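Asker: Pasting the sequence and the predicted coordinates here, then a few questions.
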Amino acid sequence: AREMMRRAQDLTKSGRIRQGLAVLDEMVQMGLQPSIYCINILLATLTNLRKVEEAEALLDRMPTLNIEPDLITFTTLMKAYALDGQLDKASKLLAELGLSGLKADLTAWNTLVHAMASNGMMNEAASIFEKMRASGLEPDVVSYSTLIGGWARVGRMDMALQVLADMKERGVEPNGVSYANLLKGWCKKGDLEKAEGIMDELKQREGIEEESIGYCYAILVNGYVESGNLERAVELFDEVLARDANQHDAMYSTIIKGFTRAKRMEEAQGLVDKLKATGRPINPWIFNTLLNGWFLNGQPDMALELVETMKKEGVHPDQITNNTLIKGLSMNQRMDDALVFFEQMKADKTVDVRTYTTLITAYTKSGDTARAQELYAEMAQFGIKPD
RNA sequence: AGAUUGUAGUAUUGCUU
């Protein structure tokens, strides 16, 4: 049974979901009983792939597999619904745990708070937070950090800071994530001075892991890039690299993004060359960032050349690479070239809603609404829902 | 007994803002 579950997981993870789930049927025929542990792993895999319908179907099948869903099962599915924006269903799952003889724990409550917060529903998030407390559970650092992140996300830094004060008062120590969420909020607002202030407080605090500090710096550097202060970003870039090797790839892609936006392609290219010289494999994010940069700067031929170079270096184009190519080529009046990549993606079954939106937008802008309509109709054939 | 099972924070692609 273990062997078969492993096979099911491998198939599912690699995107062959049908075949993966079919293994369960085989098991039933052979009289083997899958464990709840393994089913939950499958469910988490589907959730992380955003395959909500498949996750839902798996839950529905559990009775025929003679398995009782447990709290982890339901929490995983709540997350799946949240990622899909189906907040009513997520709430209902928690509310109906009792029907299965289960009771929500801190993780389940936190998942639901996050479901609301990540979808901008902060009144709901706060109300669920209170219900959790009323049920006798003490909110932990995750609960508070989730609320901070939610308020920051909707631009209510006053509320985010209030939550920070609340947690301190209640004796829950803020951690790196609590501060990262605040930083992100200030960066999003473009208030880098306030962000620096948070950074100072973070550095003075005892017990914050070095790894979290590096993570926070990465947020700050990106904030400077987004606000157009490339010089300060570059200054911090070296500091961060010296401080935390984990941030290496994120730092490079962030700074390369900055250079490409500032039309400083020589410097962007220079950083990639520097990485190549180390002989270590280049992170696809870095490569994709530079690729997009060539298109932004109106140099589609440089972009195509880059793709060839990277292939030779053993970096293979992924879905984002192809979407970047399709967008870049179509916005540089190279529709025919874009369609070559589009056909390739369809053959690989890697097209997604962005691929279609890109092309539909391009055709609409060029006045070819008939082609746009066609593509819209075609999406459904690939099981892609318009958003 | 064992096993990669659920919750919060960075970088690249579309539309919206």
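Answerer: Yep, that arrived. Numbering: from 1, shown residues only, chains lettered A, B, ... in the order given.

Asker: The residue most central in space within chain A and RNA strand B, how far apart?
Answerer: In chain A, the centroid-proximal residue (C-alpha atoms, centre = their mean) is A:N48; its distance is 9.4 Å. For A:N48, the distance to RNA strand B (C-beta to the nearest atom of the strand, to the nearest Å) stands at 8 Å. C-beta coordinates here come from the backbone N, C-alpha and C atoms, glycine included.

Asker: Over to A:F129?
Answerer: Taking C-beta to the nearest atom of the strand as the measure, A:F129 falls 12 Å from RNA strand B.

Asker: who's in contact with the residue nearest to A:M116 when sequence neighbours are not counted?
Answerer: With C-beta to C-beta, 6 or more residues apart in numbering as the measure, A:A125 is the residue that lies nearest to A:M116, at 3.8 Å, once sequence neighbours are left out. Neighbour list for A:A125: A:113-114, A:116-117, A:146-147, A:150 [criterion: C-beta atoms under 8 Å, 6 or more residues apart in numbering].

Asker: could you say which helix or strand contains the residue lying closest to A:T47 once chain neighbours are set aside?
Answerer: Nearest non-adjacent residue to A:T47, counting by C-beta to C-beta, 6+ apart: A:A80, 4.2 Å away. In this assignment (DSSP states H and E), A:A80 forms part of helix A:71-83.

Asker: Indicate whether that helix makes contact with RNA strand B.
Answerer: Yes: counting by C-beta under 7 Å from any atom of the strand, contacts between helix A:71-83 and RNA strand B involve A:71-72, A:75-76, A:78-79.

Asker: How about stretch A:101-108?
Answerer: Yes: Stretch A:101-108 reaches RNA strand B (C-beta under 7 Å from any atom of the strand) through A:105-108.

Asker: separation between the residue nearest to A:T47 and A:L58?
Answerer: Distance, A:A80 to A:L58, using C-beta to C-beta, to the nearest Å: 10 Å.

Asker: Does A:G85 touch A:G120 like I think?
Answerer: No: judged on C-beta atoms under 8 Å, A:G85 makes no contact with A:G120 at a distance of 10.4 Å.

Asker: who has more neighbours, those two?
Answerer: Per other C-beta atoms under 10 Å, whichever of A:G85 and A:G120 has more neighbours is A:G85, with 14 against 11.

Asker: mind listing what A:D84 touches?
Answerer: Contact analysis of A:D84 by C-beta under 8 Å, 6+ apart lists A:50, A:52.

Asker: what number of residues lie near the closest residue in space to A:T254 that isn't next to it in sequence?
Answerer: Leaving aside its chain neighbours, A:T254 sits nearest to A:N222 (5.0 Å; criterion: C-beta to C-beta, 6+ apart). Residues lying near A:N222 (other C-beta under 10 Å) number 21.

Asker: Please, which helix or strand holds A:N222?
Answerer: For A:N222, the host element (DSSP H and E) is helix A:210-226.

Asker: Would you mind listing the buried residues in that helix?
Answerer: By neighbour count on 16 or more other C-beta atoms under 10 Å, the buried set for helix A:210-226 is A:212-226.

Asker: what about it and RNA strand B, any contact?
Answerer: Yes: Helix A:210-226 is in contact with RNA strand B by C-beta under 7 Å from any atom of the strand, via A:211-212, A:215-216, A:218-219, A:222.

Asker: What is the nearest of these to RNA strand B?
Answerer: The closest of the residues of helix A:210-226 next to RNA strand B to RNA strand B turns out to be A:A218 (C-beta to the nearest atom of the strand; 2.5 Å).

Asker: Show the contacting residues for that closest one.
Answerer: A:240, A:247, A:250-251, A:254.

Asker: Contacting RNA strand B as well, which ones from those residues?
Answerer: Checking the contacts of A:A218 against RNA strand B (C-beta under 7 Å from any atom of the strand), the matches are A:247, A:250, A:254.

Asker: Surely the first one and A:Y215 touch.
Answerer: Yep, that's A:Q247 we're talking about. Yes: using C-beta under 8 Å, A:Q247 is in contact with A:Y215, at 7.2 Å.

Asker: How many residues are close by the residue lying closest to A:I255 once chain neighbours are set aside?
Answerer: Nearest in space to A:I255, with sequence neighbours left out and distances taken as C-beta to C-beta, 6+ apart, is A:F237 at 5.2 Å. A total of 22 residues lie near A:F237 under the criterion other C-beta under 10 Å.
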